Structure formats: structure tokens, C-alpha cells
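Asker: I would like to see how this sequence folds:
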Amino acid sequence: MKIPLDYLCVKSGLLCNRCQSLVDRGEVENFEIKVMEALLDLEESQFKELKESTYYKAIKVNNNLLILLVGSGPGMTIQKWVKVAKALQDKLGMKVRIMEKTNNIKSSAVQLLSPARVLGVNTVWLPDGSVQYVIRVSRNETRLLPADTLVLESALSKIHDTRVKIRVE
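Answerer: Just a heads-up that it's a prediction; the model follows:
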């Protein structure tokens, strides 16, 4: 798996100057080092297919962990990603969801809110010139949401660096 830090630094726990500067600038959080180490361990032991994947970022919201990847390698099916998430869940002791990093807010919402269906995404232009996205979900499918709506809103807001609301209709 391709990661932003050096393999040796992640494996040993001692960071070189370059890796330490990435952590100091906030480009990589401290908890992400443990996530990268767990992913590398899984790649070596169980999931050889992770070699072709690229780690982008991990986002922690309450006791949930979202792992954003850019491009998954050949041979990585949805079922395999679910198995990787389960293995990470056991290693890290928190709920894990793996998503593909996209700039499209609707595709991110579909991945995050699955198995609930997204009815649509509305763009709201606020008086101060900023943008807020409203993701619409059917009332019948709220029980299918993987977490509380506030947690999901927070996660989507962190992923896209903009305000996101989830509206149940």
C-alpha cells in the first residue's frame, strides 16, 4: 500500500525529519500512524491485494473511523474491502468504514450512507457566499444509516471541507 509516510518510520514508530514535519504541519494526524501500521500488517499477512491501493487520509469521528483511499487495485472487490474493514475493526477497536476518495459529494454520500439510499443532494448558497450541501434520505431508510446523522454530517463535512446537512424526508 502506498502511504504518505516512509514504511520504515511507520513500522518502527520513530519518525524521520520528513515524516515528523508532515505530522507537525497537520497533514498526517498522530492516530493515522497506527492506522497505516495496521494496514501494512494486513497487507503483509492476509490481503496481498492492498499493494496496489493508495492511502489518502483517515478521519476519526467519535468512535468511528473513515479511511479514504485513492484507487483500489485489481482484485479488490467490495467483499474484500468489507473483510479488510472488519480486520481493522478488530485491530483498532473502533468501527471502520473504507471509502474511495472523490471530489463528488454525492458519490461520497452514497458510499458513506450505504446501505441507505441517497435521494439527492441539494446545494444551498448562503448569504455570506459560502455553500452548504443538503443530502436527502428517505424516512423509511433512516434505520439503515450506519451511524447517527450528526456523526455522518460531521464526517462528510471533514471529507469535503464544507458544511453538510442530512435531511430526512
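
Asker: Only C-alpha atoms from now on, for both contacts and neighbour counts.
Answerer: Noted.

Asker: separation between Ile135 and Val124?
Answerer: 11 Å (Cα to Cα, to the nearest Å).

Asker: Looking at these two, which one has more neighbours?
Answerer: Ile135 (21 against 13; other Cα atoms under 10 Å).

Asker: Which of the three states applies to the more buried one?
Answerer: strand (DSSP: H, G, I helix; E, B strand; the rest coil).

Asker: quick one: contacts for it?
Answerer: By Cα atoms under 8 Å, 6 or more residues apart in numbering, the contact set of Ile135 is 106, 109, 118-122, 164-167.

Asker: Arg136: what's it in contact with?
Answerer: Taking Cα under 8 Å, 6+ apart as the test, what Arg136 contacts is 118-122, 166-169.

Asker: Among those residues, show me the least confident.
Answerer: Within the set of the contacts of Arg136, pLDDT is lowest for Glu169 (89).

Asker: That one: neighbour count?
Answerer: Neighbour count for Glu169, taken as other Cα under 10 Å: 11.

Asker: I'd guessed it sits against Arg139; true?
Answerer: Yes - applying Cα atoms under 8 Å as the test, Glu169 and Arg139 come out as touching, 5.2 Å apart.

Asker: wait, what's in contact with Leu113?
Answerer: Contacts of Leu113 (Cα under 8 Å, 6+ apart): 145-146, 152.

Asker: same thing with Arg163?
Answerer: 131-133, 157.

Asker: try 10 Å
Answerer: By Cα atoms under 10 Å, 6 or more residues apart in numbering, the contact set of Arg163 is 124, 130-134, 153-154, 156-157.

Asker: Now, those residues that are in helices?
Answerer: Among the contacts of Arg163, the residues falling in helices (DSSP state H) are 153-154, 156-157.

Asker: In three-state terms, how would Thr37 be classified?
Answerer: To be clear, residue 37 is Glu; Thr isn't right here. Going by three-state DSSP: Glu37 is helix.

Asker: per-residue confidence for the residue located most distally from the centre of the chain?
Answerer: Checked against the mean C-alpha position of the chain, the extreme residue using Cα atoms, centre = their mean is Pro127, at a distance of 30.6 Å. We have a pLDDT of 94 for Pro127.

Asker: Equivalent analysis for Gly75, please.
Answerer: Per-residue pLDDT puts Gly75 at 66.

Asker: buried set for the stretch of helix or strand Arg18 belongs to?
Answerer: Using DSSP states H and E, Arg18 sits within helix 17-25. With burial defined by 16 or more other Cα atoms under 10 Å, the residues of helix 17-25 counted as buried are 19-20, 23.
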